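Novice: Predicted model and sequence follow; I will ask about them next.
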Amino acid sequence: MGDRLAHRSQPFKLATFNVNSVRKRLPHVLTWVKQHRPDVLCLQETKVEDHAFPTQPLMAAGYHVVMSGTKGYNGVAVLGRHPITVVRTGFEDGEDPDEPSRLIHVLIDDLPVINVYAPQGFSIDSPKYAYKLHWFRRLRRYFARHLSADQPALLCGDLNVAPAPIDVHHPERHLKHVCFHEEVRQAYHTTMAWGFVDVYRLQHPRRQQFTFWDYRQPYAVQANRGWRFDHILATPSLANRCRRAEVDLEPRLAPSPSDHTIVWAEFHL
């Protein structure tokens with residue numbers, strides 16, 4: 001890691017947020033970064049082409065901004081209080097031209113941060129589900145090509161998987177759901193077994209806490225009918241330095257919210 005991060009007197013704070021349109025949710029993002037001052041905020045489902053991304057208000061709030069987006073769907077971005085170097089967007093494996101809007105890999109003072117927005121999958125008998133399973137295999141291959149499990153690195157984003165029964169309300173009702181089916185959970189765990197640790201679950205082994213609540217279910221938040229889709233993971237050397245990991249419900253309870261909320265973690269570097 002670069003000197004400025006390695007010799008910090010304050011914890012390094014990273015957060016992730018599926019905004020479900022960054023232009024619609026810009027007030028939520030600005031409010032949160034001004035109140036909490038994360039070092040890095042990773043956004044997914046920005047739904048905007050790069051030239052139309054609302055960069056200026058975020059720069060005025062003290063953040064460097066990089067992004068990779070398309071019109072109307074997908075899209076990822078990284079906000080950082082330190083300068084950001086974009087390493088690559090997408091898997092760069094030649095398989096899918098849309099992938100740059102689902103993965104952005106950056107360096108912040110030499111610390112690799114990968115921000116991803118995984119496919120949802122539609123239904124388990126759909127080609128989109130097969131594509132999702134293959135996407136996770138490609139992600140693991142990406143780690144093997146570009147990272148080292150014994151070096152610090154962070155992975156975060158909307159993975160569209162509830163990894164364990166504790167991560168979804170009434171798991172017995174969702175065994176055939178594309179975000180909880182046994183195949184997709186296995187794909188997720190196989191991918192992360194390359195060398196990433198779920199820091200929220202590391203900090204809270206038995207806490208049930210969701211990050212997504214379906215718009216179509218009235219009072220889903222109040223009734224605690226949700227899913228934990230949004231994750232922050234770290235390689236072991238960095239996971240061991242995680243001191244806090246939490247879910248902030250306030251953005252989901254605000255007017256005109258995303259269907260997701262913010263997850264954040266602090267690391268003593």
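Specialist: Thanks, I have it.
Novice: Run through who's touching the top helix by length along the chain.
Specialist: The residue-count maximum for a helix in the chain (DSSP state H) belongs to helix 127-146. Helix 127-146 is contacted by residues 87-88, 91, 93, 95, 102-103, 105, 112, 116, 118-123, 149, 160, 178, 181, 183-184, 187-188, 190-191, 194-196 when judged by CB atoms under 8 Å, 6 or more residues apart in numbering. Every residue, glycine included, has its C-beta placed from N, CA and C.
Novice: buried ones in it?
Specialist: Along helix 127-146, these residues count as buried under the neighbour rule (16 or more other CB atoms under 10 Å): 129, 132-133, 135-136, 138-140, 142-143.
Novice: And those, which two are furthest apart?
Specialist: Y129 and F143 (22.2 Å; CB to CB).
Novice: what about the chain, any weak spots by pLDDT?
Specialist: 1-8, 97-98 (pLDDT under 70).
Novice: residue closest to the middle of it?
Specialist: Here the mean C-alpha position of the chain is nearest to the C-alpha of G157 (CA atoms, centre = their mean), at a distance of 0.9 Å.
Novice: ok now do that residue, which residues does it touch?
Specialist: Taking CB under 8 Å, 6+ apart as the criterion, G157 is in contact with 16, 18, 42, 44, 76, 114-118, 230-231.
Novice: That one: what secondary structure?
Specialist: Under DSSP: H, G, I helix; E, B strand; the rest coil, G157 falls in the strand class.
Novice: Distance of it relative to D125?
Specialist: Distance, G157 to D125, by CB to CB, to the nearest Å: 26 Å.
Novice: residue ranges of the strands in this protein, please?
Specialist: 12-18, 40-44, 64-68, 76-80, 85-89, 103-108, 111-117, 154-158, 197-198, 230-234, 242-248, 262-267 (DSSP state E).
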